[in-house]
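Novice: Give me a model of this one.
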Amino acid sequence: MKIILVRHGETEWNVAEVFRGRIDIELNDVGLEQAELLGEFLSGVVIEAVYTSPLKRAFQTARSIAGYHKLEVKTSPALIDLNLGDWQGLSRDIVASKFKESYDLWMNRPEQAVIPNGETLAEVRKRALPLVEEETAGHKGTVVLSTHRVICKVLTCALLGLDDSHFWNIEYGNCGITTFVYSNGRFILTEHNNTSFLKPLQKEKLRDF
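Specialist: This is a model prediction of the structure:
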């Protein structure tokens with residue numbers, strides 16, 4: 001059984017480095033091209049199910065994958081992006097200036113960060129990890145989870161047996177895919193943040209944001 005974690009394609013707010021959270025931003029033109037290339041790349045993989053965050057940017061990405069397999073996309077609130085509370089819709093620079101204490105914690109001790117009126121990484125893990133554990137019991141083949149940068153990072157830490165202090169040791173580009181094989185009661189990382197299929201776009205990679 002395999003789990004493929006997928007970060008959604010590019011949005012204008014990724015480019016502008018604006019915090020997204022639960023604000024429902026769609027993919028931009030580049031993001032739509034990325035999602036199509038991703039779908040084509042995974043077209044040769046036998047996929048049993050595709051789950052997605054309910055937010056448009058993840059759903060659009062998931063739909064590009066599922067279309068090649070004639071699968072219905074299954075929406076799960078467990079995969080929705082981190083609730084960024086008062087940071088949502090603000091640029092990185094404004095957040096760094098206006099919320100200096102919580103932003104400094106986010107950048108240096110993310111496991112301790114408490115975003116005003118937002119969610120913690122521990123809360124993300126508590127809601128997202130059970131979905132993965134349930135899918136290992138319910139499927140024997142490959143399952144795709146289309147979600148967000150923070151969710152991908154937290155799940156990767158969790159499946160590797162790492163705590164959330166390792167959040168910044170893991171990178172996910174837009175449409176980056178990470179694969180875990182479930183074998184002998186454990187998750188084994190076999191591929192991480194693969195974006196090789198995006199080379200035809202000849203686009204410079206964005207910063208980890």
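
Novice: Per-residue pLDDT of residue 9, please?
Specialist: Confidence at residue 9, expressed as pLDDT, is 98.

Novice: same deal with residue 206?
Specialist: The model's pLDDT for residue 206 equals 88.

Novice: I'd assumed it was in a strand, is it?
Specialist: No - checked against DSSP: H, G, I helix; E, B strand; the rest coil, residue 206 lies outside a strand; its state is coil.

Novice: what about it, how many neighbours?
Specialist: Using other Cβ atoms under 10 Å, the number of residues around residue 206 comes to 13. (Glycine included, C-beta is placed from N, CA and C.)

Novice: can you pull the contacts of the spatially closest residue to residue 118 that is not a sequence neighbour?
Specialist: Excluding the flanking residues, the one nearest residue 118 by Cβ to Cβ, 6 or more residues apart in numbering is residue 85, at 2.9 Å. By Cβ atoms under 8 Å, 6 or more residues apart in numbering, the contact list for residue 85 reads 21, 115-119.

Novice: Quick test: name the residue nearest the centre of this structure.
Specialist: residue 148 (2.7 Å; Cα atoms, centre = their mean).

Novice: just to revisit the earlier point, among the contacts of residue 85, which ones are in helices?
Specialist: Secondary structure defined by DSSP state H assigns none of the contacts of residue 85 to helices.

Novice: Just the buried residues of these.
Specialist: 21, 115, 118-119 (16 or more other Cβ atoms under 10 Å).

Novice: Show me where this structure has its helices.
Specialist: 12-16, 29-41, 56-66, 92-98, 100-108, 121-138, 149-159.

Novice: so can I have TSV of those showing mean neighbour count?
Specialist: Below are those laid out as TSV (neighbours: other Cβ atoms under 10 Å):
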stretch	mean neighbour count
helix 12-16	16
helix 29-41	20
helix 56-66	24
helix 92-98	14
helix 100-108	14
helix 121-138	16
helix 149-159	23
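
Novice: possible to save those helices as CSV with mean pLDDT and distance to residue 195?
Specialist: Output for the helices of the chain, formatted as CSV (pLDDT from 0 to 100; distance: least, Cβ to Cβ, whole Å):
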stretch, mean pLDDT, distance to residue 195
helix 12-16, 97, 14
helix 29-41, 98, 8
helix 56-66, 98, 13
helix 92-98, 97, 22
helix 100-108, 97, 24
helix 121-138, 91, 22
helix 149-159, 98, 13
